[in-house]
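Participant: My questions concern the predicted model and sequence given below.
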Amino acid sequence: MNFQNLPKLTFWRALLAVILAAGFYSTLLRFTKGLGAATALSDRFPWGLWIGFDVLCGVGLAAGGFTLAAIVYIFHLQRFHPILRPSILTAFLGYALVAVALLYDLGRPDRIWHPLVMWNPHSVMFEVAWCVTLYLMVLALEFSPVVFKRFRMEKPLRLIESLTIPLVIAGVLLSTLHQSSLGSLFLIVPEKLHPYWYSPLLPVFFFASAVSVGLAMVIFESNLSAHAFGREIEMPLLAVLGKAMAVVLGLYGLLRFQDLWGRGALVHLREPSTETVLFVLEVVLGLLVPLPLLFVRRLRENRQGLFAIAVLVITGFLLNRLNVSITGLEASAGTHYFPRWTEVAVTLSIVGVGFLLFALAVRYLGVFESVAAREEGSPSSDGLLAPRA
Amino acid sequence: MSKSILVDTTRCIGCGACAAACKMVNGLLTEEAGAAKGQSGNSLTEGDLVTFAQSHGELGGELSAKALNVVEEHGAVFVRRFCMHCLDPTCVSVCPVGAMRKTAAGPVIYEADRCMGCRYCMMACPFGTPRYEWNVTLPKVKKCTMCASRQAKGLQPACTEVCPVQAGIFGEREELLREAEDRLKQKPSGYVQHIYGKEEVGGTSVLYLSAVPFEQLGFPAHMPHDALPMYTYRVLAKIPNLVTLGGALLGGIWWITNRREEVARAEKRDGNKEQGRVDRPLELTTED
């Protein structure tokens, strides 16, 4: 056996291996013994980490795809093209992994296709299921040119290119619908969800925070990719995205404050409860700290500064989604929920596989354009994700 | 026509016969139930059901996949809890595959064949009624069905059939409301002057009377009088509009910004022509 041909065992690879091993065991437990054995879920607390993080956060974190596609194709800001392709890949992987997470959380994952043929249009979840299914198809089509080009399939390439604009418009509409609908899921529990988070504006909040975290994820992913694959980072582009993120965050912050004030929810700040602590943490990390920092040009145009701000925005987003789906519901449920290690193992495995697939796609599918390829120009059109002059 | 159940907690003696009867007809009895285990709900006569239930009464416990009707103790008061069979059920509106259904007769039933186990009904139900089979590989949601299959045969629900003191009675909602209002009028100091379920979340098919405040008996207080499905419907109804207007807006923005590109290209080309560079035909396609 030639040891020189084996991949190097780095810290991250070792960590991934451990996580995947734990995830494998948890998977076996989940599917042989049921949800009760593999999770801390209960009759009083039927939704936990796999919905709160894997689905609610996962879908939001993948929002960079539709945002950037709109920027490049609807607003015709071509200079953002270099970061479009990896964003679409992140989105595609993100949504695909959400589907995997659902296979774990559903009591009957073999019936995940039921909403496609059994309809209840009154249900927000029905709408989410349809939008996510359709959007996965749109994402697959938007990413297909990368595959077609790699395997030199000219005709399919040309066909997809002709569908660019309708696909992007469909993608933006579908994303707007399901990002906001994930918030709408919680409209039905006004007496259960804590006033810090219950609002008739939940769909608007979820949409706005998805757009801002999508931009933060583009910044985050660009930095990690530059580091991991030794590429240059497109700082000027990211700085502009930082500005856009500031605007969206600012609007979101204003709306939330206005809503909290108007509903008299801020009186609860006097209560020294877990809800208050987590609410304050969410607002401070996700809004009060990053927002002013984004207006400081020196920070916004600095690679590490912008990266740190993006991490804060992402953390605030994660806290918000977990607060809405878990923290805010504990008091009315009359019980506490904390995920079992097996739930965490599955979640981390899914995230780990996401990183792995991203790296494989970069290595084998040419996700990042090299400067050389761009200067050469492409004689035939490359479709959606082609470099543009 | 809407069949309902009226539970008068001032009459309940806590014998738990209703809980036992419910388990018998739903096949939820444990091995310890003894001789009765051998008899299926179908072959049991009504008399046998009453005898069994009244001698195997079960008190206490929480609603679960194996207990669809439980008798709780709150101080000196016994309260039996089961599905409220709401008039505009939240569970029915949230189920993505329509596995929960409000029947014309009144009961809210569950179609196990449709269910994919998303548990949104459990999340959404304001009374926390639906329960889950957490430790089974092919799990189902479990809740009281007001014995819809017995009603279809002209029988009343097992729980009201076996109650020795008629604390729970079965009938048309209108009649039961009148009966409840009568009792409130006849003994004003003997009851809290409120029929729980008359207006809560748009009204329920299961109604309660009590001598003590309902919150003390574990009922959720401050229930809106609006049925909860309205909270989501108000938003969902805006979607078709959002899609059409949004699509038009995005298409319009694309179109406007696209024209600018074409003009820029044309101007550049004119500039190139002057300097003798090769001309490319103006492309008026969707190429951007």
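Facilitator: Received the coordinates, thanks.

Participant: So which bits of the stretch 151-300 of chain A are right by chain B?
Facilitator: Where the stretch 151-300 of chain A comes near chain B, counting by Cβ under 8 Å from any Cβ of the partner chain, the residues are A:162, A:164-165, A:169, A:172-173, A:176-177, A:184-185, A:187-192, A:200, A:203. Bear in mind the C-beta positions are built from the backbone N, C-alpha and C, glycine included.

Participant: Helix, strand, or coil at the closest residue to chain B within chain A?
Facilitator: In chain A, the residue that lies nearest chain B is residue A:107 (2.1 Å; Cβ to the nearest Cβ). When classified by DSSP: H, G, I helix; E, B strand; the rest coil, residue A:107 comes out as coil.

Participant: that older thread, buried ones among the residues of the stretch 151-300 of chain A next to chain B?
Facilitator: By neighbour count, with 16 or more other Cβ atoms under 10 Å in any protein chain shown, these hold A:164-165, A:169, A:172-173, A:176-177, A:184-185, A:187-190, A:192, A:203 as buried.

Participant: The residue of chain A closest to chain B touches residue B:135, doesn't it?
Facilitator: No - using Cβ atoms under 8 Å, residue A:107 makes no contact with residue B:135, being 11.4 Å away.

Participant: These two: which is more packed in?
Facilitator: residue A:107 (22 against 12; other Cβ atoms under 10 Å in any protein chain shown).

Participant: and that one, what does it touch?
Facilitator: A:35, B:115, B:116, B:117, B:118, B:119, B:132, B:133, B:139, B:140 (Cβ atoms under 8 Å, 6 or more residues apart in numbering or on different chains).

Participant: what about residue B:121, helix or strand, and which?
Facilitator: Using DSSP states H and E, residue B:121 maps to helix B:120-124.

Participant: Using PDB, write out every CA atom in that helix.
Facilitator: Only the C-alpha atoms of helix B:120-124 are listed here, as PDB (Å, rounded to 0.1, in the frame of the first residue of the first chain):
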ATOM      1  CA  TYR B 120     -46.800  20.700  12.700                       C
ATOM      2  CA  CYS B 121     -50.200  19.800  14.200                       C
ATOM      3  CA  MET B 122     -48.600  19.200  17.500                       C
ATOM      4  CA  MET B 123     -46.700  22.400  17.400                       C
ATOM      5  CA  ALA B 124     -49.800  24.400  16.400                       C
END
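
Participant: average pLDDT for the next helix or strand after that helix?
Facilitator: Using DSSP H and E, the helix or strand that follows helix B:120-124 in sequence is strand B:131-132. The average pLDDT for strand B:131-132 rounds to 97.

Participant: Partner strands of strand B:131-132, with direction?
Facilitator: Strand B:131-132 has the following sheet partners, assigned by DSSP bridges: strand B:141-142 (antiparallel).

Participant: Could you verify that residue A:336 is part of a strand?
Facilitator: No - with three-state DSSP as the criterion, residue A:336 is assigned coil and is not in a strand.

Participant: Enumerate every residue touching residue B:193.
Facilitator: Contacts of residue B:193 were listed using Cβ under 8 Å, 6+ apart, and they are residue B:184.

Participant: before we move on, what about the one 5 residues further on?
Facilitator: Residue B:198 sits next to B:177, B:180, B:207 when contact means Cβ under 8 Å, 6+ apart.

Participant: show me the contacts for the residue nearest to the second one when sequence neighbours are not counted.
Facilitator: The reference is to residue B:180. What sits nearest to residue B:180 in space, not counting adjacent residues and going by Cβ to Cβ, 6 or more residues apart in numbering or on different chains, is residue B:195, at 4.8 Å. By Cβ under 8 Å, 6+ apart, the contact set of residue B:195 is B:177, B:180, B:181, B:184, B:207, B:208, B:209.

Participant: Please, a ChimeraX command that selects the buried ones among those?
Facilitator: Burial among the contacts of residue B:195 is assessed by 16+ other Cβ under 10 Å; the matching ChimeraX selection reads:
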select /B:177,180,184,207,208,209
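
Participant: Which single one of the contacts of residue B:195 is nearest to chain A?
Facilitator: Nearest to chain A among the contacts of residue B:195: residue B:208, at 17.8 Å, using Cβ to the nearest Cβ.

Participant: How about the backbone phi and psi for the closest one?
Facilitator: Torsion angles at residue B:208 (phi, psi; degrees, to the nearest 10) stand at phi -130, psi 150.

Participant: mind listing the helices in the stretch 151-300 of chain A by residue range?
Facilitator: A:154-162, A:164-184, A:202-229, A:235-262, A:274-283, A:290-294, A:297-300 (DSSP state H, counting those that start in this stretch).

Participant: Apologies, that question was intended for the stretch 151-288 of chain B.
Facilitator: B:158-162, B:173-186, B:229-236, B:239-274.

Participant: So for the third one, what gets flagged as buried?
Facilitator: Just to be clear, that refers to helix B:229-236. For helix B:229-236, using 16+ other Cβ under 10 Å, the buried residues are B:229, B:231, B:232, B:233, B:235, B:236.

Participant: Ok, the second one next?
Facilitator: Applying a neighbour-count criterion of 16+ other Cβ under 10 Å, one finds B:173, B:176, B:177, B:179, B:180, B:183, B:184 buried in helix B:173-186.

Participant: Could you check how far the one helix or strand in chain B whose mean pLDDT sits lowest is from the centre of its chain?
Facilitator: Least confident helix or strand, chain B: helix B:239-274 with a mean of 84, by mean pLDDT, DSSP states H and E. Here the centre of helix B:239-274 is set off from its chain's centre by 49 Å, with Cα atoms, centre = their mean, to the nearest Å.

Participant: does it come close to chain A?
Facilitator: Yes - counting by Cβ under 8 Å from any Cβ, chain A is contacted by helix B:239-274 at B:239, B:242-243, B:246-247, B:250-251, B:253-254, B:257-258, B:260-261.

Participant: end-to-end on stretch B:201-213?
Facilitator: From its first residue to its last, stretch B:201-213 covers 18 Å (Cα to Cα, to the nearest Å).

Participant: Quick one: mean pLDDT over it.
Facilitator: 96.

Participant: One more: stretch A:268-278?
Facilitator: Mean predicted lDDT for stretch A:268-278 stands at 94.

Participant: what does that stretch contact?
Facilitator: Taking Cβ under 8 Å, 6+ apart as the rule, stretch A:268-278 contacts A:194, A:195, A:196, A:279, A:280, A:319, A:323, A:327, A:328, A:330, A:331.

Participant: What's the local residue count around the residue of the stretch 51-200 of chain B found nearest chain A?
Facilitator: Nearest to chain A in the stretch 51-200 of chain B, going by Cβ to the nearest Cβ, is residue B:117, at a distance of 2.1 Å. By the criterion of other Cβ under 10 Å, residue B:117 has 22 neighbours.

Participant: Need the pLDDT of the closest residue to it other than its chain neighbours.
Facilitator: Nearest non-adjacent residue to residue B:117, counting by Cβ to Cβ, 6+ apart: residue A:107, 2.1 Å away. At residue A:107, the pLDDT value in this model is 96.

Participant: ok, now residue A:231?
Facilitator: In this model, residue A:231 is scored at 81, pLDDT.

Participant: can you pull the contacts of it?
Facilitator: A:225, A:368.

Participant: how many neighbours does residue 215 have?
Facilitator: Defaulting to chain A. There are 29 residues near residue A:215, going by other Cβ under 10 Å.

Participant: My question was about chain B, not that one.
Facilitator: Neighbour tally, residue B:215, other Cβ under 10 Å: 10.

Participant: Next up, phi/psi of the closest residue to it other than its chain neighbours, please.
Facilitator: Leaving aside its sequence neighbours, residue B:215 sits nearest to residue B:221 (Cβ to Cβ, 6+ apart; 4.4 Å). Backbone torsions for residue B:221, taken as degrees, to the nearest 10, come to phi -90, psi 170.
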